[in-house]
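Colleague: A structural model of the following input is requested.
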Amino acid sequence: MTEQPRCPIVHFDHHSAEHAANHVDAYRELRQECPVAWTDAHGGFWVLSDYPSVFEASRDDDLFSSARSEHGGEGLAIIIPKAPTAFHIPIELDPPKFRSYRKAVNAVTSPAAVRRLTDVIDRFVTGFIDEIIETGEADLAFVAGVPAAVTVDWLGLDASEYKRYVDAMHTLVSARPDSAEYAHARDVAVPWVEKTVRAHIAARREHPTDDATSAFLAAEVDGRKMTDDEIYSILELLISGGVGTTASLVTQALVWLYRNPGERERLIDDPSMIDVAVEEFLRVFSPTQALARTVTRDAEFQGVHLRAGDRALMSWASANRDPRQFDDPDEVDITRWPNKHMAFGLGIHRCAGSHLGRAMARAMIGQVLERMPDYVVDVDGIVRYPDQGTNAGYHSIPCSFTPGERRLASPLFPSTP
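Modeller: Take a look at the predicted model:
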């Protein structure tokens, strides 16, 4: 029997320079012309770009699997092309295996658990801003290091080394796969992370504390304690998410607020608006642009024929700008409510770190607006992530502002001048 051809076929590569230059227009064109389409890039995959198709696929784990398989090569199954990381629990598991592990993760990422981190988050935000507040000129993207430091500290690792974790895990999604930076992350930085984190797990087995790593060591999955490999898998996933996604969101939001001074002034005058504003920033600046799945069987889906083994990219960022779901979707309305965005995904794999991410974003944006309210961005000096296929955002945001005073008695890290 002759196989049905894959169609429609589009020219689409979310890791291309063309896409990085204007991913909003690229996704808009897909939504309008062919919201479920095939591209031959990276070995071939389906692109799901409208709200209905992404909504349906993200909730159908029987058809769209998150598990690792031989399809699409080796590596992390939830991105295209796959990245050379350890197996990530629970994001690379399907039901029923998924549930017990996710329960263990939820215990340390619940709203109540995040509330207990409020003082820690505030201290890191304060400390990072302290390092630039007296200068009057700085790279505002420096403040985006807060999520990495908080995540590393939360796990019980040395927060002063947060940059090494960023260089490893964030580079795999913000640098082009054919770049020297990507190769260094793969061959040098990621192995350092594995060696360091595995040593940390061994130390916590001997001497548990009150950090998240110790909580995982104490947790049970299906009536047993987890192995070191399982715990490492979870920790690497949490680090990967912690070092990049919130930084992506906040850098984009701060640049937008500079370019829209009236809206910035509204948030300065009424900080209580920040919670709702962050939800809108999540919608329009989706920190995780898209994630992938693998098709488990031949099936008809949204008018196209899928084959078993096909790879599929679900674009949260594109779905979040679908006019069938959101009025004036390309307009940033910091009072938009309700806001049923997909920035954290949908279904069982909805981001477990959403509460922590929100808390950090609110604190970072809030303190910048409070302590550096007149910041002026050197727009010509902004450096975007060279690859915006998985995370969008800025590596560098040079700015000037009226100098202020430090708030902490001493630097966060002893080595900091």
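
Colleague: Could you give the separation of stretch 30-41 from the chain centroid?
Modeller: In terms of CA atoms, centre = their mean, to the nearest Å, the centre of stretch 30-41 is set 23 Å apart from its chain centre.

Colleague: per-residue confidence averaged over it?
Modeller: Stretch 30-41 shows a mean pLDDT of 97.

Colleague: Check stretch 168-185 too.
Modeller: 87.

Colleague: So which bits of that stretch are buried?
Modeller: The neighbour-count check on stretch 168-185 (16 or more other CB atoms under 10 Å) flags 168-177, 181-182, 185 as buried. Bear in mind the C-beta positions are built from the backbone N, C-alpha and C, glycine included.

Colleague: Keeping just the C-alphas, turn it into PDB.
Modeller: As requested, C-alpha coordinates have been extracted for stretch 168-185 and formatted as PDB (Å, rounded to 0.1, in the frame of the first residue of the first chain):
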ATOM      1  CA  ALA A 168      26.000  24.400  30.400                       C
ATOM      2  CA  MET A 169      22.200  23.900  30.400                       C
ATOM      3  CA  HIS A 170      21.000  27.200  29.000                       C
ATOM      4  CA  THR A 171      23.500  27.200  26.200                       C
ATOM      5  CA  LEU A 172      22.000  24.000  24.800                       C
ATOM      6  CA  VAL A 173      18.800  25.900  24.000                       C
ATOM      7  CA  SER A 174      20.000  29.400  23.400                       C
ATOM      8  CA  ALA A 175      23.000  28.800  21.100                       C
ATOM      9  CA  ARG A 176      22.800  27.400  17.600                       C
ATOM     10  CA  PRO A 177      23.500  23.600  17.500                       C
ATOM     11  CA  ASP A 178      26.400  24.100  15.100                       C
ATOM     12  CA  SER A 179      28.100  26.800  17.100                       C
ATOM     13  CA  ALA A 180      31.300  26.700  19.200                       C
ATOM     14  CA  GLU A 181      29.300  27.700  22.300                       C
ATOM     15  CA  TYR A 182      27.000  24.800  21.900                       C
ATOM     16  CA  ALA A 183      30.000  22.400  21.400                       C
ATOM     17  CA  HIS A 184      31.600  23.700  24.600                       C
ATOM     18  CA  ALA A 185      28.400  23.300  26.600                       C
END
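
Colleague: Give me the contacts around it.
Modeller: 15, 79, 81, 83-85, 148, 167, 186, 189-190, 192-193, 236, 239-240, 243-244, 247, 385-387, 389-391, 393, 395 (CB atoms under 8 Å, 6 or more residues apart in numbering).

Colleague: Let's see that with 7 Å instead.
Modeller: 15, 81, 83, 85, 167, 189-190, 192-193, 239-240, 243-244, 385-387, 390-391 (CB atoms under 7 Å, 6 or more residues apart in numbering).

Colleague: got a list of what the most centrally placed residue in the chain touches?
Modeller: With distances taken as CA atoms, centre = their mean, T245 lies nearest the centre of the chain, 2.7 Å away. For T245, the contact set (CB under 7 Å, 6+ apart) comprises P287, T288, G357, N391.

Colleague: Redo these as JSON lines? Include neighbour count and pLDDT.
Modeller: Converted to JSON lines, the contacts of T245 look like this (neighbours: other CB atoms under 10 Å; pLDDT from 0 to 100):
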{"residue": "P287", "neighbour count": "28", "pLDDT": "89"}
{"residue": "T288", "neighbour count": "24", "pLDDT": "94"}
{"residue": "G357", "neighbour count": "25", "pLDDT": "97"}
{"residue": "N391", "neighbour count": "20", "pLDDT": "90"}
